[in-house]
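Chemist: Sequence and predicted structure, then a few things I'm wondering about:
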Amino acid sequence: MAIEIRVDDLSGPRTQALIAAHLRGMHDSSPPESVHALDLAGLRHPSITFWSAWVDGELAGIGALKAIDAPGAGAQRGEIKSMRVDDRYRGAGIGRALLRHIISAARERGYASLWLETGTPADFIPARALYAAEGFVECGPFGDYVDDPFSVFMTLDIGG
């Protein structure tokens, strides 16, 4: 199975539908104050690069990289946002391919570390397992996040 990962401008209906499904899923499994997923407007912020993964012309997954540090400060850290695999492609390696693509992009930008927030409910076990398998370790809250029983924070040193 060939996976094509490309920068996405968020204008396509399939991309927008998967983002909407992602947001619904977050709200179904966590209280509103514990949902940190970004909507379309949030994902269009200039600090974010958004990718979509395609298999045989079908949207298979999405993921984004947000610069945590201000551009003038010499960005050293990035945050993974909005990782989601379409249900039809779960278990097919799409999430891993997207994650590795984002890690590679962060290295190319010279980042020293990547950070992420994910959920604690059972729905998030596969995501946490993927991140751990790729070297992410649990840590405390970062940026504007605070301790939250519905959140797990993870980081990866990429030696930028």
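Modeler: Arrived safely.

Chemist: In this structure, where is pLDDT below threshold?
Modeler: Residue ranges of the chain with pLDDT under 70: 70-75, 160.

Chemist: That one: strands as residue ranges?
Modeler: 4-7, 48-55, 58-67, 77-85, 113-119, 137-139, 151-157 (DSSP state E).

Chemist: In CSV, list these along with distance to residue 19 and mean neighbour count.
Modeler: Quick note: C-beta positions are derived from backbone N, CA and C, even for glycine. CSV is the format used below for the strands of the chain (distance: least, CB to CB, whole Å; neighbours: other CB atoms under 10 Å):
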stretch, distance to residue 19, mean neighbour count
strand 4-7, 15, 13
strand 48-55, 9, 20
strand 58-67, 7, 22
strand 77-85, 7, 23
strand 113-119, 17, 22
strand 137-139, 26, 12
strand 151-157, 20, 18
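
Chemist: Redo the ones you listed as CSV? Include distance to residue 21.
Modeler: Shown next, in CSV, are the strands of the chain (distance: least, CB to CB, whole Å):
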stretch, distance to residue 21
strand 4-7, 19
strand 48-55, 13
strand 58-67, 10
strand 77-85, 7
strand 113-119, 15
strand 137-139, 27
strand 151-157, 21
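
Chemist: Tell me which of those sits nearest to residue 36.
Modeler: strand 113-119 (5.3 Å; CB to CB).

Chemist: what's the single longest helix in this structure?
Modeler: helix 13-29 (DSSP state H).

Chemist: list the buried ones in that one?
Modeler: Within helix 13-29, the residues that qualify as buried are 15, 18, 19, 22, 23, 25, 26, 29, counting by 16 or more other CB atoms under 10 Å.

Chemist: what does stretch 99-112 give?
Modeler: Buried residues in stretch 99-112, counted by 16+ other CB under 10 Å: 99, 101, 102, 103, 105, 106, 111.

Chemist: Pipe these into CSV and attach distance to residue 133 per row.
Modeler: CSV is the format used below for those (distance: CB to CB, whole Å):
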residue, distance to residue 133
99, 9
101, 16
102, 15
103, 12
105, 19
106, 17
111, 20
